[in-house]
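Peer 1: Predicted model and sequence follow; I will ask about them next.
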Amino acid sequence: MAVFESPKPRINHSMLSQYISRAICFVGRVEKVHPTGKSFTLSDGEGKSASVELNEPLDEELSGVVEVVGVVSNKGAIMASAYNMLREDQGILFDLELYNEALKVIHEYPQHYPFELATSG
Amino acid sequence: MLFVSVSDGGLVGRCISSAVIDKDRLTQAMGVCGGWPPSTALPMFVLVCLVSNISIPPVAFMLSTQLNPMTEDNRLAPNCICQLKRSVTNVLKDGRRVVVILDMEVVKSADEVAGKIGEPQPYVEGESSAHTAFLTITISYGLGGQKLNKCSMNKGPSRAFGGKKGMPPSAMPSTPGGSSKVVPIASLNPYQSKWTIRARVTNKSNIRTWSNSRGDGKLFYMEIVDESGEIRVTAFTQEVDKFYSIIETGKVFYISKGSLKIANKQYSSLKNDYEMTLNGESTIIPCEDTQDVPMVQCNFVSIADLQAREKDTILDVIGVCKSVSDVTRLNTKNNREVSKRTLNLMDQSGKLVEVTLWGEEAETFDGSGQPILAIKGAKLSDYGGRSLSASFSSTIMVNPDIPEAYKLRGWYDKEGHSMAGESLTEARTGGGGGGNTNWKTLADIKTEHLGHGDKADYFSCIATIVYIRKENCLYQACPSQDCNKKVVDQQNGMFRCEKCDKEFPNFKYRLILSANIADYGDNQWVTCFQESAEAILGQNAAYLGQLKDSNEAAFEEIFQQANFHTFVFRNRVKLETYNDESRIKATVMEVKPVDHKEYSKRLIMNIRKMASAQ
């Protein structure tokens, strides 16, 4: 999918509306999983929730902090292409609030964080 | 001549005659006058005046230099009535008294006064003596052509006698029992030994003892202050025994007859060219009348201005203690325990600075209720940007009784309490709690000339290993427990250690690693010893030594694997000179894994700081 061909900006809930129809990367804590396993909600570092929809239902238990790559729908939900669960029983515990602070810096100073320009020619 | 009557209050008198005496008499007189060295020959007007019909011990009146103009423009002329506003009385060895006039005012000029006034009443002081008529002598030198006025017998105004009645109150307090009046600290100098000052003790040290080839000794020192200034006072050996228990910080004392010498600025940051030492003749008497003596002399710097000041500056600060942490205990290099407490101080500038208290001050400090804290003699450090440290010689005052404190309290209660305050001190986060982390980048070594000073510089940085030299990284060391000296291979199966002066059949391998580390800005060659080397390579020295001899390939593999790892390095840098060539030598003191959370927080804070500074 085209999603994996370019670097995807990391965003939080407040930036979703600016990235409609674009591929993004969203990191948040699992709040609720729909019984069908085809969608779930994540809360970002500011505590705001975003909805994530999958093509196939989940085949594992989802918990903790999850990194989702996908496209933003015009309803503000994330159509996920892939997800990555940051396991809490391994490694250093992920600090979601600190991540959010870093996110704000990256977006405030795009001239210093030219990730978009890293696309291959 | 000055006709002067001596009373408790200001001295009021009338000039009755003056005369010039020759130089020999002058030298004699100077010699008698309390040991003023002739070399300081100031063109002083010495009016030695005596009063007729009055039985008082001989009194000489000397005009201090700044008042010379009064005679030059004839303000001081015979028959004028003058009031001595400030003076100091010294008693000479022969019992004669010399009054040095510091400030004088002509109350009624000579032409306003018509001849004699009233009948002089005999003044009796203690033991009365017969009427004596004295000769009044005026010594004037350095000023030629002084007019001499005819002597005329005059009687002084009757109201001059008998105490304070009708006298304007004097600015000078009376000393208990002593014959000297109090002088300001600012006027103390090595050339006058008989004086009394009235001052408050702002700081008193503990008794320090020492023992050297010349014997044992002890001392204590204190800082005292009065309306005119401050000065440091030291007492040695016998004076320690005499005075240490009498002196209490915060109390006021009359101190007299100390010796003055040029101040050693190395030990004290007080504003005074001189410092005092108590000697066998010195006296210290508690004083009850303390209203005029200030609590402390402080020159407060606004917290916002601390940013602009140089590190290691000693200065005074005052602020609200916005927050305080618990006291912690640290071990010093000499394995001594010391208490430490940090707090945050904020003032009207809206800026916050972290202050560290040490020792007893740290233990006893009570920061509850956000008290006003004033520190005199705090040291400014560049740790965390800007921070303050109260050393053992600083004076800490909680809720001091000074106007600045009240202003701060009012400001804080109204608006300050709701302000978050912008801190000049970077918050310390991450492991190692009490450690001082001086974060630098490798490029800073060159731009900040680290290591160029007298002492080595220590700093922490995050860097990546880009090369490790595997040649000569191991050496054979003495197998003794605490000895790491390189042993000499005797080639007969024995290894000799020069330091232990022994031979051993074995040795232990130790590491000295030469590596190159780099960050985004620069790279740096560093030397790592045993502990840090083992941490970087992930193997202990003994195993590595064994591998080197047996399996070259595996040995090399270890070095390959260790490459391109990132760590927190704590380094020591020092400029060293070998044969005309100066180079920075860097040694790794400690290697630690990167605490990404701490690092991220620090980076974000630095970014925000840099952005707001623009």
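Peer 2: Structure received.
Peer 1: My read is that residue A:84 contacts residue A:62, right?
Peer 2: No: shown here, residue A:84 and residue A:62 do not form a contact pair, counting by Cβ atoms under 8 Å, at 11.1 Å. For every residue, glycine as well, the C-beta is placed using N, CA and C.
Peer 1: separation between residue B:466 and residue B:583?
Peer 2: When Cβ to Cβ, to the nearest Å is applied, the distance between residue B:466 and residue B:583 equals 19 Å.
Peer 1: Which strands border whichever strand in chain A runs longest, and is each parallel or antiparallel?
Peer 2: For chain A, the strand that runs over the most residues, judged by DSSP state E, is strand A:23-33. Looking at strand A:23-33 with DSSP bridges, its partner strands are strand A:10-11 (parallel), strand A:39-43 (antiparallel), strand A:65-72 (antiparallel).
Peer 1: Show residues contacting the first one.
Peer 2: With contact meaning Cβ atoms under 8 Å, 6 or more residues apart in numbering or on different chains, strand A:10-11 is reached by A:18, A:19, A:24, A:25, A:26, A:27, A:103, A:106, A:107.
Peer 1: could the strands paired with strand A:23-33 go into CSV alongside mean pLDDT and mean neighbour count?
Peer 2: As requested, those are arranged in CSV below (pLDDT from 0 to 100; neighbours: other Cβ atoms under 10 Å in any protein chain shown):
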stretch, mean pLDDT, mean neighbour count
strand A:10-11, 94, 20
strand A:39-43, 95, 19
strand A:65-72, 95, 20
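Peer 1: Compare those strands and report which one is nearest to residue B:369.
Peer 2: Taking Cβ to Cβ as the criterion, residue B:369 comes closest to strand A:39-43 out of these, the separation being 39.0 Å.
Peer 1: Report the mean per-residue pLDDT for stretch B:240-256.
Peer 2: The predicted model assigns stretch B:240-256 a mean pLDDT of 88.
Peer 1: and what of stretch A:80-91?
Peer 2: Averaging pLDDT along stretch A:80-91 gives 90.
Peer 1: Show the pLDDT at the closest residue to residue B:386 other than its chain neighbours.
Peer 2: Leaving aside its sequence neighbours, residue B:386 sits nearest to residue B:424 (Cβ to Cβ, 6 or more residues apart in numbering or on different chains; 4.1 Å). In this prediction, residue B:424 carries a pLDDT score of 74.
Peer 1: Do I have it right that residue B:424 meets residue B:308?
Peer 2: No: using Cβ under 8 Å, residue B:424 makes no contact with residue B:308, being 10.7 Å away.
Peer 1: returning to that earlier point: restricted to buried residues, select the contacts of strand A:10-11 in PyMOL.
Peer 2: Selecting in PyMOL just the buried members of the contacts of strand A:10-11, where the criterion is 16 or more other Cβ atoms under 10 Å in any protein chain shown, is done with this command:
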select buried, chain A and resi 19+24+25+26+27+103+107
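Peer 1: more crowded one of residue B:424 and residue B:308?
Peer 2: residue B:424 (20 against 8; other Cβ atoms under 10 Å in any protein chain shown).
Peer 1: how about JSON lines for the contacts of strand A:10-11, with pLDDT added?
Peer 2: Supplementary listing: those in JSON lines, determined by pLDDT from 0 to 100:
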{"residue": "A:18", "pLDDT": "93"}
{"residue": "A:19", "pLDDT": "93"}
{"residue": "A:24", "pLDDT": "94"}
{"residue": "A:25", "pLDDT": "95"}
{"residue": "A:26", "pLDDT": "96"}
{"residue": "A:27", "pLDDT": "96"}
{"residue": "A:103", "pLDDT": "94"}
{"residue": "A:106", "pLDDT": "93"}
{"residue": "A:107", "pLDDT": "93"}
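Peer 1: Ramachandran angles for residue B:316?
Peer 2: Reported as degrees, to the nearest 10, the phi and psi values for residue B:316 are phi -110, psi 140.
Peer 1: And for it, the neighbour number?
Peer 2: By other Cβ under 10 Å, 18 other residues sit near residue B:316.
Peer 1: likewise residue B:421?
Peer 2: For residue B:421, the neighbour count with other Cβ under 10 Å is 20.
Peer 1: Phi and psi next, for it.
Peer 2: Comment: the main-chain dihedrals of residue B:421 come out as phi 80, psi 140, following degrees, to the nearest 10.
Peer 1: For the closest residue to it other than its chain neighbours, report the pLDDT, please.
Peer 2: Closest residue to residue B:421 apart from its sequence neighbours, by Cβ to Cβ, 6+ apart: residue B:352 at 3.8 Å. According to the per-residue confidence, residue B:352 scores 85 in pLDDT.
Peer 1: can you tell me which residues contact residue B:352?
Peer 2: With contacts defined as Cβ under 8 Å, 6+ apart, the neighbours of residue B:352 are B:303, B:322, B:344, B:345, B:346, B:421, B:422, B:423, B:424, B:425.
Peer 1: for the first one, what are its contacts?
Peer 2: Contact analysis of residue B:303 by Cβ under 8 Å, 6+ apart lists B:317, B:319, B:345, B:346, B:347, B:349, B:351, B:352, B:353, B:424.
Peer 1: how about 6 Å then?
Peer 2: Contacts of residue B:303 were listed using Cβ atoms under 6 Å, 6 or more residues apart in numbering or on different chains, and they are B:319, B:347, B:349, B:351, B:353.
Peer 1: mind listing what's buried in stretch A:8-15?
Peer 2: Burial within stretch A:8-15, assessed by neighbour count using 16+ other Cβ under 10 Å, is assigned to A:8, A:9, A:10, A:11, A:12, A:13, A:15.
Peer 1: centre of the chain versus that stretch, how much separation?
Peer 2: Going by Cα atoms, centre = their mean, to the nearest Å, the spacing between the C-alpha centre of stretch A:8-15 and its chain's C-alpha centre is 7 Å.
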